[in-house]
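coords please:
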Amino acid sequence: MSRYMPIEADLHAHAGWLPYTDYQFAASDALAPVTLEEVPHVLKAVPLAFRRLDGGPYQLVAVQALTGGLNLCVAPDGRWLSGYVPACYRAHPFRLQPCEDRRQWRLCVDVESGLWLDDARHQGERCFTEAGVESSRMANIRAFLEKLIRGRVLAARAVKALADEGLIQPWPLQTQDEHEQTRKVEGLYRIDEPALNALPADRLAALRDAGGLSLAYAQLFSQHRLDQLAQLYRLRHAVSPPAESLDEWFEGDEELYLDFDS
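Okay, the predicted model is just below:
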């Protein structure tokens, strides 16, 4: 269970963290929010879709499994298998959270992650220097997360443009478990391709200017990645599949987009 705490220079002068070494913290995430910048990289590995949170606006997500509580991109030993790691994971255990007035963001850390150190003078990464200034590593993480927030705003704008045109529809998917029981996948949405093709030129142009047109086509193209998810699901539920077999299905480049210095 995550518990995020704001990082403050006067309270955490000697505090720091241990860098994560695997992705077990994401092993239960069937979906991951992504930005427009990440789309070309995500669609090489997994499908893109939309979801709605509590009946609110749609959100662009990478589909990492069709079963809740499971991330097929994370191997049993914690390795990432799909080549591209969504940006939302790469600043773990940190995130930006809005201040009380919601006008600014503050950097927070998950103190339940097992990576936070109250005293990092002898191990790990320091949050602040001895002079009380934010360390270069901490500053890089903050800049990365700020860029991620801006990317999500642009993605939300593009997704809203698609929704306003009535182009987002429920995605009728079914999946089978290891006992060959079929169930309906709930909560995923896709582009209505016939409706997209029927849009007049002026509305297509407006959609393009909002970033929605390229996103619509990317989502449609990415649907073919469902087959790869299905293959990896079957491998995962085979009897003791070798790690090498898991890797074969998700070979690809390891480019880290929106990257910060390691």
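
what about S222, helix or strand, and which?
Assessed by DSSP states H and E, S222 sits inside helix 212-222.

got the CA positions of that helix in PDB?
Taking Å, rounded to 0.1, in the frame of the first residue of the first chain, the C-alpha atoms of helix 212-222 are listed here in PDB:
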ATOM      1  CA  GLY A 212      -6.400  13.800 -31.600                       C
ATOM      2  CA  LEU A 213      -6.100  12.600 -35.200                       C
ATOM      3  CA  SER A 214      -2.700  11.000 -34.900                       C
ATOM      4  CA  LEU A 215      -3.700   9.600 -31.500                       C
ATOM      5  CA  ALA A 216      -6.900   8.000 -33.100                       C
ATOM      6  CA  TYR A 217      -4.900   6.300 -35.800                       C
ATOM      7  CA  ALA A 218      -2.200   5.100 -33.300                       C
ATOM      8  CA  GLN A 219      -4.900   3.500 -31.100                       C
ATOM      9  CA  LEU A 220      -6.400   1.700 -34.100                       C
ATOM     10  CA  PHE A 221      -3.000   0.500 -35.200                       C
ATOM     11  CA  SER A 222      -2.000  -0.700 -31.700                       C
END
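
packing partners for it?
Contact analysis of helix 212-222 by 3 or more CB pairs under 8 Å, 6 or more residues apart in numbering; DSSP states H and E lists helix 39-42, strand 48-52, helix 136-164, strand 189-191, helix 201-209 as its packing neighbours. Every residue, glycine included, has its C-beta placed from N, CA and C.

buried ones in it?
Going by neighbour count (16 or more other CB atoms under 10 Å), the buried part of helix 212-222 is G212, L213, L215, A216, A218, Q219, L220, S222.

distance of A139 from R183?
Plainly put, A139 is 46 Å away from R183 if you go by CB to CB, to the nearest Å.

wait, R236 sits on V74?
No. Look at R236 against V74 with CB atoms under 8 Å: they stay out of range, at 10.1 Å.

these two: who's more crowded?
More crowded of R236 and V74, by other CB atoms under 10 Å: V74, with 23 against 17.

let me have the helices and strands packed on helix 212-222 in TSV, extended by distance to F128, mean pLDDT and mean neighbour count.
TSV is the format used below for those (distance: least, CB to CB, whole Å; pLDDT from 0 to 100; neighbours: other CB atoms under 10 Å):
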stretch	distance to F128	mean pLDDT	mean neighbour count
helix 39-42	33	95	20
strand 48-52	37	97	20
helix 136-164	7	96	17
strand 189-191	43	97	22
helix 201-209	43	96	13
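
Serialize those to a markdown table and add fields for distance to T129.
Rendered in a markdown table, the data for the helices and strands packed on helix 212-222 read as follows (distance: least, CB to CB, whole Å):
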| stretch | distance to T129 |
| --- | --- |
| helix 39-42 | 34 |
| strand 48-52 | 41 |
| helix 136-164 | 9 |
| strand 189-191 | 47 |
| helix 201-209 | 45 |
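
of those, which is nearest Y89?
Closest of the helices and strands packed on helix 212-222 to Y89 is helix 136-164, at 10.7 Å (criterion: CB to CB).
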